[in-house]
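Q: Take a look and give me a structure for this.
(2 chains)
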Amino acid sequence: MNGDAVPNRSTARQDNELIPRYSLGERANHWLGALSYIYLLTTGLAFWSPYLYWMTAVVGGAPTARFWHPWFGLIFSASLFWTFKEWHRDMQIDDSDRAWAKAMPNYIQNQDDKLPPVGRFNFGQKLFFWGIFYGVILLLLSGVVLWYTETLPWSLRYVRYAAILLHAGVALITIGLFLIHVYMSAILEEGSFGSMIHGYVTRAWAWTFHRTWYFELTGRSRPKP
Amino acid sequence: MSQASTEIVRISGHVGTVPGAELNREYQVCKLVDTTTCIGCKACEVACLEWNGYTFSETTFDNSYQTMPETAWNYWNLIKFDEHERDDGSMMLLMRKDQCMHCEDPGCLAACPADSAIVQYANGIVDFQEAHCIGCGYCITGCPFDIPKFSPTSRKVFKCTLCNDRVQVGLEPACIKACPTGCLHFGTKTEMKELAETRAEQLRDVSGFADAGVYDPPGVSGTHVIYVLHDAKNPELYGGLPKDPHIPYSVQFWKRPLKWLGNFAMIGGLVGLAWHYMRYGPKKEEPIPPDAERRV
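A: Numbering: from 1, shown residues only, chains lettered A, B, ... in the order given. Have a look, this model is predicted:
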């Protein structure tokens, strides 16, 4: 659909031009996090529901899954902390995000032209990032308790009671965020999935979905309103 | 349970009634521990190790007669010793044989995520099937009595079986067999409850223990190990026996409302996303207009 022969469009030639969005490091880290999360999701859901217990067969049986689940948790946490280091500046929520948040119904209804321009990440992506970031901290803390649950003395049993509830509750929240993330990036928004594979988006994509970032990147100054 | 094979319900080529057809047999078993006649000899501890094939572990001296601070994965039966000073200044040495209580409503079983790792038999015995155990330790969290113990070597959890292997062939548990004072009894739940109540009444009426009573906590729907205590109002005195044991509220919340809520939310979320795609379709990039710079 891009670069169609539309007359009188001086920029048409540039629409398909590729601009870099994610570095190799960012992409490698994303897929490390994604694969470890999928392992954690598969084994975690198996421990969550007897109806999904069969899923442990895919990863070598339930005792094996129980053994590796905490280690994959560490990998996922490391991946997330590295993401934090790289992205936390881009993920700060500012006034433009608050304006975007008010217009979020337009985003949900795919009326992106009615949204205020956004930088490298939009408010939804920022919410997802902070949700997963704080989620992983809580999952890590409660997860360590569940990992070595037998070493806690009886007098600290309430720590176990809190951990078991926290781990399941926070995991459910991250599953909700994960479903929305996968849907939006791999299915809904065309061009997003590829950008996490090869690292590039088209100019038109950047202009449509991340206009402020597009202007910053192309060096074109954004006119004052 | 073993009695089930002695109760005949149908007979081939037989004229007339089936003998014992209307017999109402109770299969619920129970171990009665009378703490008031225990002398702390630890014969039950040794018998438990011998029958279950464990060697005697290293003991931990803690200024008391107690073998070690708590039961272990390979030490399922432990007499807990507590020195208790009564109101009149006299001293009592309280001795309670600690082991799995075999709850009617077992918290370990409720918390366990592994198919078939914990079973409850019709006679009330709660048994761990180590072959199916995944070593997650959730049973440790679910138990209100601090009983399941994890073995780091095998990464499995172990506890007292109430000698299920003996009971199923009509024998009493090993600890009962070894007890020299007769403070341990084994039989049906009804019989043991009666015996316990009789003994508690005797302690109240004859021995001057006004608060003597039977410990069969209703919070876990009763247990298949019951105690006679001199002071049933303060079970904590006996090596921390909980006053009102129940499955931890967080485990109950996690396994019931949160599970329903979570499953509903996950399935609802998937349906919602599919609906969104069908209703609004994909987000497509727009061509950059010639006057892009002037647009905000």
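Q: mind checking pLDDT for residue 2?
A: You didn't pick a chain, so chain A it is. The pLDDT attached to A:N2 in the predicted structure is 46.
Q: Hmm, no, I was thinking of chain B.
A: On pLDDT, B:S2 comes in at 52.
Q: just the one 5 residues further on next, same as before
A: Here the pLDDT value assigned to B:E7 is 73.
Q: State the distance from the residue nearest to it when sequence neighbours are not counted to chain A.
A: For B:E7, ignoring the flanking residues on the chain, the nearest one in space by Cβ to Cβ, 6 or more residues apart in numbering or on different chains is B:R25 at 5.8 Å. Backbone N, C-alpha and C define where each C-beta goes, glycine included. The gap separating B:R25 from chain A is 33 Å, by Cβ to the nearest Cβ, to the nearest Å.
Q: just checking, B:R25 touches B:V9?
A: No - contact between B:R25 and B:V9 fails when scored by Cβ atoms under 8 Å: they sit 11.3 Å apart.
Q: related to what we said a few turns ago, since we're on the residue nearest to B:E7, how many residues are nearby?
A: For B:R25, the number of neighbouring residues by other Cβ atoms under 10 Å in any protein chain shown comes to 10.
Q: okay, and for chain B, where does confidence drop off?
A: For chain B, residues meeting the criterion pLDDT under 70 lie at B:1-6, B:21-24, B:293-296.
Q: Which residue, other than its chain neighbours, is closest to the residue sitting nearest the centre point of it?
A: What sits nearest the mean C-alpha location of chain B, by Cα atoms, centre = their mean, is B:H102, with 4.0 Å. If you skip the residues right next to it in sequence, B:H102 has B:H224 as its closest partner in space, 3.6 Å away by Cβ to Cβ, 6+ apart.
Q: so who does that neighbour touch?
A: Remark: with contacts taken as Cβ atoms under 8 Å, 6 or more residues apart in numbering or on different chains, B:H224 is in contact with B:28-31, B:101-104, B:123-126, B:162, B:189.
Q: How about B:G187?
A: Neighbour list for B:G187: B:V29, B:C30, B:L32, B:L195 [criterion: Cβ under 8 Å, 6+ apart].
Q: Now distance to B:S57 too, for the residues you listed, in a markdown table please.
A: Converted to a markdown table, the contacts of B:G187 look like this (distance: Cβ to Cβ, whole Å):
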| residue | distance to B:S57 |
| --- | --- |
| B:V29 | 28 |
| B:C30 | 28 |
| B:L32 | 27 |
| B:L195 | 33 |
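Q: okay, now B:G20: neighbour count?
A: B:G20 has 11 neighbouring residues, counting by other Cβ under 10 Å.
Q: Who are the contact partners of the residue nearest to the centre of chain B?
A: The neighbourhood of B:H102, defined by Cβ under 8 Å, 6+ apart, consists of B:K31, B:G124, B:I125, B:V126, B:C160, B:L162, B:T223, B:H224, B:V225.
Q: which of those lies closest to chain A?
A: Among these, B:C160 lies closest to chain A (Cβ to the nearest Cβ), at 17.0 Å.
Q: So that closest one sits against B:I147, correct?
A: Yes - if you go by Cβ under 8 Å, B:C160 and B:I147 touch, sitting 7.3 Å apart.
Q: which parts of stretch A:23-31 are buried?
A: Judged by neighbour count using 16 or more other Cβ atoms under 10 Å in any protein chain shown, the buried positions of stretch A:23-31 are A:E26, A:R27, A:N29.
Q: starting at the chain centroid, how far to that stretch?
A: Taking Cα atoms, centre = their mean, to the nearest Å, the mean C-alpha location of stretch A:23-31 is offset from the chain mean by 12 Å.
Q: Keeping just the C-alphas, turn that stretch into CSV.
A: What follows is the C-alpha trace of stretch A:23-31 in CSV, where atoms were taken according to Å, rounded to 0.1, in the frame of the first residue of the first chain:
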residue,chain,number,x,y,z
SER,A,23,19.7,-1.8,17.7
LEU,A,24,21.0,-5.4,17.5
GLY,A,25,21.5,-5.4,21.3
GLU,A,26,18.0,-4.3,21.9
ARG,A,27,16.6,-7.0,19.6
ALA,A,28,18.7,-9.8,21.0
ASN,A,29,17.8,-8.8,24.5
HIS,A,30,14.1,-8.6,23.6
TRP,A,31,14.1,-12.1,22.2
